[in-house]
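Asks: Quick one, what's the 3D model for this:
(one chain, ligands or ions: 1)
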Amino acid sequence: MVEFDLRKNGARVWVDLPGRYEIGLQHEVRFVSQLLSYALRHSKSTPFMLLAVVVHAAAGLALTLLIGELVGAVAPTVEDGPSGGFLVLCGALIAVFALERALPLVTELTTRRIVHDLEPRTHRRIVDALLRPVLITHLETPAFRDTVQRARGVGSFGVRTGIEALGPLLSARLTASGSAVLVGVVFSWWAALAVLAATWLAEWHSARLLIAESDQWADQTEEQRRAAYILEAGMDQAAKEIRIFGLADWFSGKYHHVWRTSLLPLLRERRRAALLTFGVQGLHLLCLLGTVAMVGLATADGGLTVAEVTIAITALLRLSGSTDAHHAARLIRGVEAYKAMRTLQAEAGPATADVPGGDELPAIELHDVWFRYPGAEEDVLKGLNLEIRSGERLALVGVNGAGKSTLVKLIAGILQPTAGKIIVDGVDLADMSDEDLAGWQRRLAPVPQDFLRLPSPAIDNVVLASPHDERIAAETAAQSGADRAVARLSQGWNTTLHKSFDEGVDLSGGEWQRIALARALYALRSGASFLILDEPASALDVRAEADLVERYLELTSSATSLIISHRFSVVRPADRICVLQDGSIIEAGTHEDLMAMGGRYSVMFNQQADRYLQGAADA
Ligand SMILES: Nc1ncnc2c1ncn2[C@@H]1O[C@H](COP(=O)(O)OP(=O)(O)OP(=O)(O)O)[C@@H](O)[C@H]1O
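Replies: As a prediction, the model looks like this:
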């Protein structure tokens with residue numbers, strides 16, 4: 001709903017709109033001051049930009065006055081010939097005109113410098129809020145994702161575009177107010193106020209339309225998301241199938257159709273707004289023409305001199321031409337992004353701790369641990385008890401979705417149990433400060449299922465942020481079997497592992513998995529002490545898997561370790577194997593114990609062994 005609140009003293013006029021469309025004098029002053037103080041705090045160029053804006057607006061007003069004076073001096077000059085004063089006026093007009101033309105360039109250059117100073121800071125804050133918290137629960141909540149989206153900018157708007165709008169918008173506002181004062185002084189304050197109000201109404205309406213339209217693009221209707229999916233699939237994951245199944249025409253037809261459908265709401269909105277736009281802009285024009293006509297009448301009555309009438313008309317034209325909906329929309333969205341960025345900044349945790357303390361290999365106990373994902377209807381873990389002794393090689397098996405990876409995330413302290421305790425070396429993770437928890441996380445050397453694939457040189461993928469030691473990297477690569485893949489790369493360790501970069505290459509799934517294992521082993525050599533291998537053999541061929549099994553005891557000799565795998569050959573050599581089912585550990589023991597027990601483990605083991613035997617017999 002739109003509310004107009006005209007205070008009796010006429011000093012404050014604003015328009016309040018629900019939700020995001022806060023537009024009006026009061027809001028604008030607050031918005032400008034927020035962005036301006038951010039710019040003033042972090043960029044030395046801001047005062048120069050402000051100076052350029054103020055001088056530019058002053059030059060515009062001076063130009064209006066000079067034009068009036070010059071036109072007023074034309075008749076005497078025609079009669080008496082050019083006087084010294086007339087020539088000074090001409091000179092001043094040319095000089096001020098040149099200044100008025102040149103200053104927007106200064107505003108633009110200083111604004112670029114401000115953006116250059118602020119952009120890295122803005123992005124750093126967003127990235128810190130994403131990466132710093134020791135828990136990952138915040139990443140799961142839609143509210144957090146929405147705040148990140150707003151901080152990064154909705155559509156093509158963001159903090160940067162808000163900052164870019166400051167100079168032009170301030171300039172437009174100063175020009176409008178100054179011109180209104182000139183109209184008020186030489187002609188009528190009421191006329192000045194009426195044109196000012198009509199001008200701002202026209203600008204507010206256009207800015208609102210711009211924002212609404214940008215929302216339509218940024219919020220993405222279902223059809224737009226579908227169209228984006230088709231395009232991405234065609235570029236990337238489905239490129240092969242599209243060709244093999246001959247789907248090019250089918251995909252292209254679908255793309256065309258969903259795009260046309262996705263544009264319909266936009267067209268409807270534009271049609272709906274057209275009439276209102278016509279009305280608002282018509283009112284603006286009527287106000288201007290009416291005032292010009294009144295000036296004409298006053299002149300005919302002898303109430304205004306030639307100079308005054310010229311000043312009034314020039315000022316009226318400047319005033320009504322000072323609307324800047326584009327920059328007003330950018331400012332509003334810029335402030336939204338800025339506010340979202342501040343919210344994220346408040347949520348960002350401390351800097352993560354350096355390499356771990358703790359000389360002993362860690363021991364971990366889980367007591368009656370329950371866990372349910374936010375928004376889920378069922379518990380994944382239901383009163384789970386488990387002990388991983390210092391230096392022990394523990395293996396975990398269970399069917400898909402049993403909760404094995406979830407258990408790893410809980411032990412790593414990136415998720416918190418819904419109930420129960422996880423105790424590391426005698427300290428409950430829940431009682432640790434963020435710094436201590438980060439310290440515990442530095443002691444982990446994980447190979448998760450969806451491990452990191454950095455589009456960076458191979459060496460970075462192994463060493464990460466630790467000091468680069470190519471000798472240790474080579475040793476761990478030899479242990480993990482990644483050395484053969486690295487040896488084949490055109491620039492060895494310096495080859496970028498992503499095909500979209502010059503001379504970059506992509507590795508096969510199995511090669512990537514060995515790089516991830518090398519990374520975990522490198523972490524162990526750099527001070528980590530708890531090795532976590534979640535399906536480390538899922539992409540390995542039979543020989544590589546056998547190789548991993550053979551090396552398993554050696555790889556895990558310097559750590560406490562947890563290995564998860566559906567391949568029983570991989571878990572078999574562990575000191576102890578636990579079976580996770582229905583949210584708790586139902587069996588635990590060595591391979592031999594569990595086989596002798598004849599329970600769930602032995603059933604699963606025999607089923608897999610039978611399949612292998614059957615496969616071998618068929619071959
Ligand atoms: N981020 C999440 N939000 C909601 N539910 C989740 C999330 N991640 C996993 N789940 C659910 O939790 C359950 C346990 O998942 P988890 O990945 O821990 O199983 P898993 O034993 O590792 O399975 P797999 O053997 O297939 O790797 C599954 O039902 C899964 O759908």
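Asks: Correct me if wrong: Ala430 contacts Gln416.
Replies: Yes - if you go by Cβ atoms under 8 Å, Ala430 and Gln416 touch, sitting 6.8 Å apart. All C-beta spots, glycine's among them, are computed from the backbone N, C-alpha and C.
Asks: Got the phi and psi for Glu377?
Replies: phi -100, psi -10 (degrees, to the nearest 10).
Asks: And for it, the neighbour number?
Replies: Neighbourhood size, Glu377 [other Cβ atoms under 10 Å]: 6.
Asks: who's in contact with it?
Replies: Residues near Glu377 by Cβ atoms under 8 Å, 6 or more residues apart in numbering: none.
Asks: so when I look at Ile423, I'm seeing a helix, right?
Replies: No - counting by DSSP: H, G, I helix; E, B strand; the rest coil, Ile423 is not found in a helix; it is strand.
Asks: gap between it and Asp436?
Replies: 13 Å (Cβ to Cβ, to the nearest Å).
Asks: now do Ser43
Replies: 37 Å.
Asks: Show me which of the two is the more surrounded one.
Replies: Neighbours around Ser43 and Asp436, counted as other Cβ under 10 Å, are more numerous at Ser43. The numbers are 21 against 17.
Asks: how close does Glu232 sit to Arg471?
Replies: Glu232 is 41 Å from Arg471, by Cβ to Cβ.
Asks: repeat for Gln345
Replies: In terms of Cβ to Cβ, Gln345 sits 41 Å off from Arg471.
Asks: Which one's more surrounded, the two?
Replies: Gln345 (15 against 7).
Asks: what kind of secondary structure is the more buried one in?
Replies: helix.
Asks: Point out where the stretch 501-619 of the chain drops to low pLDDT.
Replies: Scanning the stretch 501-619 of the chain with the threshold set as pLDDT under 70 gives 612-619.
Asks: ranges for the strands of it?
Replies: 530-534, 560-564, 576-581, 584-589 (DSSP state E, counting those that start in this stretch).
Asks: Distance to Ala477 and mean neighbour count for those strands - can I get that in TSV?
Replies: What follows is the strands of the stretch 501-619 of the chain, written out as TSV (distance: least, Cβ to Cβ, whole Å; neighbours: other Cβ atoms under 10 Å):
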stretch	distance to Ala477	mean neighbour count
strand 530-534	16	24
strand 560-564	19	25
strand 576-581	29	21
strand 584-589	34	17
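Asks: Name the residues that touch stretch 593-612?
Replies: Counting by Cβ under 8 Å, 6+ apart, Val397, Arg567, Phe568, Ile577, Val579, Gln581, Ile586, Glu587, Ala588, Gly589, His591 sit against stretch 593-612.
Asks: so which of these comes closest to Ile515?
Replies: Ranked by distance to Ile515 (Cβ to Cβ), the contacts of stretch 593-612 are led by Arg567 at 19.8 Å.
Asks: need the residues of the chain near the ligand, please.
Replies: 140, 373, 376, 380, 398, 400-406, 449 (Cβ under 6 Å from any ligand atom).
Asks: 5 Å instead?
Replies: Tyr373, Val380, Asn400, Gly401, Ala402, Gly403, Lys404, Ser405, Thr406 (Cβ under 5 Å from any ligand atom).
Asks: Report pLDDT for the closest residue to the second one other than its chain neighbours.
Replies: What that stands for is Val380. Using Cβ to Cβ, 6 or more residues apart in numbering and skipping residues adjacent in sequence, the residue nearest Val380 is Gly403, 4.2 Å away. Predicted confidence (pLDDT) for Gly403: 94.
Asks: quick one, phi psi at Gly403?
Replies: According to degrees, to the nearest 10, Gly403 has phi 110, psi 20.
Asks: ok, it - contacts?
Replies: Phe371, Val380, Leu381, Leu580, Gly583.
Asks: now it: how far from Gln441?
Replies: Distance from Gly403 to Gln441, by Cβ to Cβ: 20 Å.
Asks: same thing with Lys382?
Replies: Taken as Cβ to Cβ, the span from Lys382 to Gln441 is 26 Å.
Asks: likewise Gly334?
Replies: The value you get for Gly334 to Gln441, if Cβ to Cβ is used, is 36 Å.
Asks: Have a look at these two and say which one is more surrounded.
Replies: Gly334 (26 against 18).
Asks: Which strands or helices does the helix or strand containing the more buried one pack on?
Replies: If you go by DSSP states H and E, Gly334 is part of helix 325-347. Applying 3 or more Cβ pairs under 8 Å, 6 or more residues apart in numbering; DSSP states H and E, one finds that helix 325-347 contacts helix 25-42, helix 84-131, helix 142-152, helix 159-186, helix 189-219.
Asks: how about the ones you listed in CSV, adding mean neighbour count, distance to Leu562 and mean pLDDT?
Replies: Shown next, in CSV, are the helices and strands packed on helix 325-347 (neighbours: other Cβ atoms under 10 Å; distance: least, Cβ to Cβ, whole Å; pLDDT from 0 to 100):
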stretch, mean neighbour count, distance to Leu562, mean pLDDT
helix 25-42, 16, 45, 84
helix 84-131, 16, 24, 91
helix 142-152, 16, 29, 79
helix 159-186, 22, 43, 93
helix 189-219, 19, 42, 85
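Asks: What ranges does the stretch 401-550 of the chain have for its helices?
Replies: With DSSP state H, counting those that start in this stretch as the criterion, the stretch 401-550 of the chain has helices at 404-411, 434-442, 458-463, 470-480, 483-488, 509-525, 542-555.
Asks: can you put these in JSON lines and add distance to Arg393?
Replies: Below are these laid out as JSON lines (distance: least, Cβ to Cβ, whole Å):
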{"stretch": "helix 404-411", "distance to Arg393": "15"}
{"stretch": "helix 434-442", "distance to Arg393": "20"}
{"stretch": "helix 458-463", "distance to Arg393": "23"}
{"stretch": "helix 470-480", "distance to Arg393": "16"}
{"stretch": "helix 483-488", "distance to Arg393": "24"}
{"stretch": "helix 509-525", "distance to Arg393": "13"}
{"stretch": "helix 542-555", "distance to Arg393": "8"}
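Asks: Name the helix or strand for Glu387, please.
Replies: Going by DSSP H and E, Glu387 is part of strand 381-388.
Asks: Looking at that strand now, give me its mean pLDDT.
Replies: pLDDT averaged over strand 381-388 gives 95.
Asks: What are the buried residues along that strand?
Replies: Leu381, Lys382, Leu384, Leu386, Glu387, Ile388 (16 or more other Cβ atoms under 10 Å).
Asks: Where do the domain boundaries of the chain fall?
Replies: Each domain of the chain is listed here as a residue range: 3-347, 364-618, per automatic domain parsing.
Asks: Figure out how far the longest one is from the centre of its chain.
Replies: Spelled out, it's domain 3-347. Distance, stretch centre to chain centre, for domain 3-347: 23 Å (Cα atoms, centre = their mean, to the nearest Å).
Asks: One more: the shortest one?
Replies: Here domain 364-618 is found 30 Å from its chain centre; the criterion is Cα atoms, centre = their mean.
Asks: Nearest residue to the middle of this protein?
Replies: Arg152 (3.9 Å; Cα atoms, centre = their mean).
Asks: Distance of the nearest residue to Leu283 once chain neighbours are set aside relative to Thr175?
Replies: Nearest residue to Leu283, sequence neighbours excluded (Cβ to Cβ, 6+ apart): Ala198, at 5.8 Å. According to Cβ to Cβ, Ala198 and Thr175 sit 16 Å apart.
Asks: same deal with Ile244?
Replies: For Ile244, the distance to Thr175 - Cβ to Cβ - is 62 Å.
Asks: other SSEs contacting the lengthiest helix in the chain?
Replies: Counting by DSSP state H, the longest helix found in the chain is helix 248-300. On a contact count with 3+ Cβ pairs under 8 Å, 6+ apart, helix 248-300 meets helix 189-219, helix 222-235, helix 306-320.
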